[in-house]
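J.: My questions are about this predicted structure, shown below with the sequence.
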Amino acid sequence: MRVTFKIWRQESNSDDGRFVEYEVDNISEEMSFLEALDSLNESLVQQGKGVIAFDHDCREGICGQCGVFINGRANGPHSNTTTCQLHMRSFKEGEVIVVEPWRAKAFPVIKDLVVDRSSFDRIIQSGGFITAKTGTAPEANSILVGKDIADSAMDMAACIGCGACVATCKNSSAALFTSAKINHLNILPQGKTESSKRVLEMTERMELEDFGHCSFTGACEIECPENISISNIAKMNFDLLKAKLFKG
Amino acid sequence: MKLDAKIPEGDLEQKWSKYQDKCKLVNTANKKKFEIIVVGSGLSGAGAAATLAELGYKVNCFCYQDTPRRAHSVAAQGGVNAAKNYQHDGDSVWRMFYDTLKGGDFRSREANVYRLAQLSAPLIDHFSQQGVPFAREYGGVLTNRSFGGVQVQRTFYARGQTGQQLLVAAYSQLSKMVASGGVTMNTREEMLDLVIVDGKARGIVTRDLVTGKIKKHSAHAVVLATGGYSRVFRLSTLAIGCNGSAIWAAHKKGAFFAGPSFTQIHPTALPQSSDTQSKLTLMSESLRNDGRIWVPLKKGDSRNPEEIPEEERDYYLERKYPSFGNLSPRDIASRAAKERIDEGHGVGPLKNAVYLDFKHAIAKQGKEKITDKYGNLFEMYLKITGIDAYKQPMKISPAAHFSMGGLWVDYELMTTVNGLYAVGEANYSDHGANRLGANSLLQASIDGYFILPNTINNYLAGELNQSIPNVDHDEFSKAEESVKNKIEKLMNINGSKTVDHFHRKLGNIMWQECAMSRSKSGLEKAIKEIRDIKKSFWEEVSVTGSDKELNPELEKGLRLADFIELAELMCVDALQREESCGAHFREEFQSSEGEAVRNDDEFSYVSAWEYNEGDFKLHKEELKFEYVKPTVRSYK
């Protein structure tokens, strides 16, 4: 099939970016979207031009490294998917496909479609863990975790840290990401001890990283590849209020 | 050089505790004087970095991805094994040890494998404490499932995302140590060379992938946790960035490479659909618990699967291996699929697949139960293929997956270079010639969390008061120079062919001649062709852009240059080993029924290859079986 890619090119963070159009005609419907970009890059090399930089790694929807804005939507036309799981059969013959990086103040562009998401790492570093050194764990079955609790923790722990929630949010809020991690650990008996500290410190870090506030539009949960629900944000806010009220 | 595995004296059950009783320690106050480099941030790397920092060491950790949470441990779906015997089905440390040793076709060390089984139970305790939401019974206790090559239920899992959950836990623990200052994390930075000073590993040379700057880092010890190299086949279940460059650099600097040709072909990946495809997606082996594998009895049968009646289906695994059936080990299942496909029974548009059918399981257990167990895998299958596997059988095919081979390590996980360690998939340690399902997360974690943080003390204790060399040291300058020269050379060929062009060629050769089935003539031909590829790569490749910026094409080119050299060693190894064992199936050595014929009289050793300027030299580590008598590996 033949399509036109209109792709954001930007040399580095300090340069101004611009859209560049590329017509490609050797695309097949079975190709994944990223394979179509591979193919475009291969033809750029043959023309002696530098390739378009985009992030990707596992290409099976689990590592969270890929992710671009496609025709105005995070990860393209389908809900709850990653960019690597998108296939060219989702586009029409002759379509113009606009491809942009995640746009958020907390995710500065590094080059072309590649952004810096280290702000997510710093949120995790501020409290997204259980303080227990290797070697200190009790026998696993000595702490019972009900199936409903384990299943619910798994729903939230499934977050792949891709940043689609931030990219799609009109406020560039990281509330869905942060709440998923807080709730995953806070509802488990192993993580309860530090729950107040965790919610206070992680939400504080989130604000320091220039993410916007959440205004509950629900856009994030439509794009989240792991179907993480915005009810997590309500739970986080509830825990935050509780932690602030009973602090000290 | 004589290979010394340093296996401790004493009974099998006592070896690890005896080792811990006697090995040297570094006292807490002294630990902060030591700096350790950990390359890789997957389960073994993040586990090692976090644990070493908790002990008080200063750790410098590196990964090529944008954050440590992306490492490919993330993609393991099915689970992690542990001899807890929670299911009361007769499991024990001994049985797990035996299953793993047998699964590896008796090409690994008894002492290592026993330790792996011994440390498996505490690993589940560890990850539960770190917040891994393992699957539970309604009463709150942990539950298990079965995996291939085993008759008990010892696999712990978190839906079909076990690797992701263990990695998230490891990443969380690593993040905690980054916050406390114990670990310095260097993301988007790739190791390109190892630096050895006075016979000891003392640092690495890296490329900052964003700025292109070549950097030098020194330390008291270097740990490689850089994963597997099956991207040598190009199409594999691995992440696109997975590579063998770090271990290959170490190999060229003196670390022996063991069992390079032992690479696992996974039986249940999605089939290849075109030449432009970039990877083969894995469908978890756990699906074989309830899915039944079959092909049409009639060759070239082009009917839809639901139109083919039961009596015209060949459930070939159940037929050939009645006691293990669909849960036969991976090497056996892959080879059986290849055999059926080669005989003309393959299905799908390219006739390169077999069916994995859930019809019977859904009829018996109900759709809800199947969704609970495999829901996310069915969803993933639908997203990629557009097919609903609740209604139609999945089409699956064998794909390059795990590398059992890797840097040779002794019982302490040290390579043949002093102070250089290899952990996780990057080493050759516990899996022998074939890895059992759900043992990969296990080995990576145990190496990183439990073994290395003990054994490294034994080395570092002797290094106390030894200051680390300045990065201006001659050896650092030399390594930096050679890396810069290699990059400059690659950037200036300006040929007419792309990196992918050469990778496709290499992948085709390796898949044809050094995958599920190997022969003398095929391997000899492959070696010659690989040498030709190497020559034309360095004459005709084109890498555009600049080396002073984020340049994915240059990253690919550097990785492929190493894969080409590694591919040759894989073929050399496969050619030399004139027997069939585990994943290594030599056509000349098979029974009249087509089963592998192992030759313990001549090949009961680990092949450890010395680089020797490209004229690879074989060293043998004889395997002594004191507790288990190697038997013919039958799953019939």
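T.: Alright, I've got the coordinates. Numbers count the residues shown, from 1 in each chain, chains lettered A, B, ... in the order given.
J.: dump the residue contacts of residue B:99.
T.: B:149, B:150, B:436 (CB atoms under 8 Å, 6 or more residues apart in numbering or on different chains). C-beta here means a position set from N, CA and C on the backbone, and glycine is covered the same way.
J.: Closest to residue B:137 out of the residues you listed?
T.: residue B:150 (20.6 Å; CB to CB).
J.: Can you report phi and psi for residue B:194?
T.: With angles defined as degrees, to the nearest 10, residue B:194 sits at phi -100, psi 140.
J.: How about the one 5 residues further on?
T.: Residue B:199 adopts backbone torsions of phi 80, psi 10, taken as degrees, to the nearest 10.
J.: isn't it right up against residue B:418?
T.: Yes: contact criterion CB atoms under 8 Å: residue B:199 and residue B:418 qualify, at 5.7 Å.
J.: Among these two, which residue is more densely surrounded?
T.: Comparing residue B:199 with residue B:418 by neighbour count (other CB atoms under 10 Å in any protein chain shown), the higher total belongs to residue B:418, at 17 against 10.
J.: quick one: the more buried one and residue B:198, what's the gap?
T.: Distance, residue B:418 to residue B:198, by CB to CB, to the nearest Å: 9 Å.
J.: which residues of chain A fall in helices?
T.: In chain A, the helices defined using DSSP state H lie at A:33-46, A:118-125, A:147-157, A:164-168, A:175-187, A:189-192, A:195-208, A:219-223, A:231-245.
J.: Relative to residue B:52, which of the ones you listed is closest?
T.: helix A:118-125 (17.6 Å).
J.: so which residue of chain A comes closest to chain B?
T.: When scored by CB to the nearest CB, chain A has residue A:144 as its residue closest to chain B, at 3.0 Å.
J.: which non-adjacent residue is nearest that residue?
T.: Spatial nearest neighbour of residue A:144, chain neighbours left out: residue B:140 (3.0 Å); criterion: CB to CB, 6 or more residues apart in numbering or on different chains.
J.: Can you give me the domain boundaries for the chain?
T.: Just going to use chain A. Domain assignment for chain A by automatic domain parsing gives A:3-111, A:118-245.
J.: um, chain B though
T.: B:267-399, B:481-604.
J.: circling back to that earlier point, ok, the residue of chain A closest to chain B touching residue B:142?
T.: No: with contact defined as CB under 8 Å, residue A:144 and residue B:142 do not form a contacting pair (9.5 Å).
J.: who has more neighbours, those two?
T.: Shown here are residue A:144 and residue B:142; by other CB under 10 Å, residue B:142 has more neighbours (21 against 14).
J.: Spit out the contact partners of the more buried one.
T.: A:140, A:141, B:84, B:86, B:124, B:128, B:134, B:135, B:136, B:156.
J.: got the residues of the stretch 1-150 of chain B near chain A?
T.: Applying CB under 8 Å from any CB of the partner chain, we find that the stretch 1-150 of chain B lies next to chain A at B:47, B:50-51, B:54, B:65-70, B:72, B:74-75, B:84, B:86, B:122, B:124-126, B:128-142.
J.: Which of the residues you listed are buried, as a ChimeraX select command?
T.: Typed into ChimeraX, the line below selects the buried ones among the residues of the stretch 1-150 of chain B next to chain A, using 16 or more other CB atoms under 10 Å in any protein chain shown:
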select /B:47,50,51,54,65,66,67,68,69,70,72,74,75,84,86,122,124,125,126,128,129,130,131,132,133,134,135,136,140,142
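J.: In helices, which of the residues of the stretch 1-150 of chain B next to chain A fall?
T.: Counting by DSSP H, the residues of the stretch 1-150 of chain B next to chain A contribute B:47, B:50, B:51, B:54, B:122, B:124, B:125, B:126, B:128, B:129 to helices.
J.: which residues are contacting stretch B:449-460?
T.: Against stretch B:449-460 from outside (CB under 8 Å, 6+ apart): A:134, B:19-20, B:23-26, B:34, B:36, B:47-48, B:51-52, B:55, B:115, B:119, B:122-123, B:126, B:220-221, B:223, B:411-414, B:418-419, B:421, B:423.
J.: Return the members of those classed as buried.
T.: For these, a neighbour count by 16+ other CB under 10 Å gives the buried set as A:134, B:19, B:23, B:26, B:34, B:36, B:47-48, B:51-52, B:55, B:115, B:119, B:122-123, B:126, B:220-221, B:223, B:411-414, B:418-419, B:421, B:423.
J.: just to revisit the earlier point, could you dump the domains of chain B to JSON lines with mean neighbour count, distance to chain A and mean pLDDT?
T.: As requested, those are exported to JSON lines (neighbours: other CB atoms under 10 Å in any protein chain shown; distance: least, CB to the nearest CB, whole Å; pLDDT from 0 to 100):
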{"stretch": "domain B:267-399", "mean neighbour count": "19", "distance to chain A": "5", "mean pLDDT": "93"}
{"stretch": "domain B:481-604", "mean neighbour count": "19", "distance to chain A": "4", "mean pLDDT": "97"}
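J.: sorry, back to before: closest one to residue B:242 among the helices of chain A?
T.: helix A:33-46 (15.8 Å).
J.: What segments of the stretch 451-600 of chain B are helices?
T.: With helices called from DSSP state H, counting those that start in this stretch, the stretch 451-600 of chain B shows them at B:452-460, B:474-491, B:499-513, B:520-540, B:552-576, B:600-603.
J.: swap in the stretch 301-450 of chain B?
T.: Using DSSP H, counting those that start in this stretch, helices in the stretch 301-450 of chain B cover B:316-320, B:330-340, B:359-365, B:367-385, B:440-445.
J.: between these, which gets nearest to residue A:201?
T.: helix B:440-445 (27.4 Å).
J.: Which strands or helices does that closest one pack on?
T.: helix B:43-55, strand B:80-81, helix B:120-129, helix B:162-179 (3 or more CB pairs under 8 Å, 6 or more residues apart in numbering or on different chains; DSSP states H and E).
J.: want to throw the contacts of residue B:99 into a markdown table with neighbour count, pLDDT and distance to residue A:227?
T.: Shown next, in a markdown table, are those (neighbours: other CB atoms under 10 Å in any protein chain shown; pLDDT from 0 to 100; distance: CB to CB, whole Å):
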| residue | neighbour count | pLDDT | distance to residue A:227 |
| --- | --- | --- | --- |
| B:149 | 27 | 74 | 34 |
| B:150 | 24 | 85 | 32 |
| B:436 | 25 | 92 | 32 |
